[in-house]
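> Below are the sequence and a predicted model for it; my questions follow.
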Amino acid sequence: MIRFLNQLQPWALTLVRLVLAVAMIIHGYDKLIPAGGLHRAHPLAGADAFAHYVLMLGLPRWLGYVSVVTEFVGGLFLFCGLLTRFWALMVAGNMLVALAMVDIHHGYTGSQYSLALLTMALMLVVAGSGALALDRKFGFS
């Protein structure tokens, strides 16, 4: 039974990677694209608004842009399984900042989701991308 379960580990990692990727893509998209959609005059209005929010938290404005890229672009890379450990580490850092600056004020109930995403990201940093990942094709795993 244990041997069978061990054979499923790459597929379990794939599931963790895909769930984390979808969560990051959705969160990054919400920060990148404002509610009214993209505007021709200012296509980065959503990212600018989030960077301003990060500034109000007492962090550097550029960290907001890093967060948006980490969530959206990193989510896309995680979905493909490309450079998984790097992007998972970036997501883990992003979730640590979210926990320390925002979620900590809401107690455990308000930080469960960020904790789960942080744990998933750290799992991928340690264990790799799993099956069906471009990392394996290019020798990054």
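Perfect, thanks for sending it.

> Only the buried residues of stretch 62-73, if you could.
Buried residues in stretch 62-73, counted by 16 or more other Cβ atoms under 10 Å: 63-73. Where you see a C-beta, it was placed from the backbone N, CA and C, and this is true even at glycine.

> Longest helix in this structure, please.
In the chain, taking DSSP state H as the definition, the longest helix is helix 9-32.

> on that earlier part again, how about CSV for the buried residues of stretch 62-73, with distance to Leu83 and secondary structure added?
CSV is the format used below for the buried residues of stretch 62-73 (distance: Cβ to Cβ, whole Å; DSSP: H, G, I helix; E, B strand; the rest coil):
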residue, distance to Leu83, secondary structure
Leu63, 21, helix
Gly64, 22, helix
Tyr65, 19, helix
Val66, 16, helix
Ser67, 18, helix
Val68, 18, helix
Val69, 13, helix
Thr70, 12, helix
Glu71, 15, helix
Phe72, 15, helix
Val73, 11, helix
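
> Show residues contacting the host helix or strand of Gln112.
In this structure, Gln112 sits in helix 107-127 according to DSSP states H and E. Outside helix 107-127, the residues that touch it by Cβ atoms under 8 Å, 6 or more residues apart in numbering are 9, 13, 16-17, 19-20, 23-24, 78, 84-85, 88-89, 91-92, 95-96, 98-99, 103-104.
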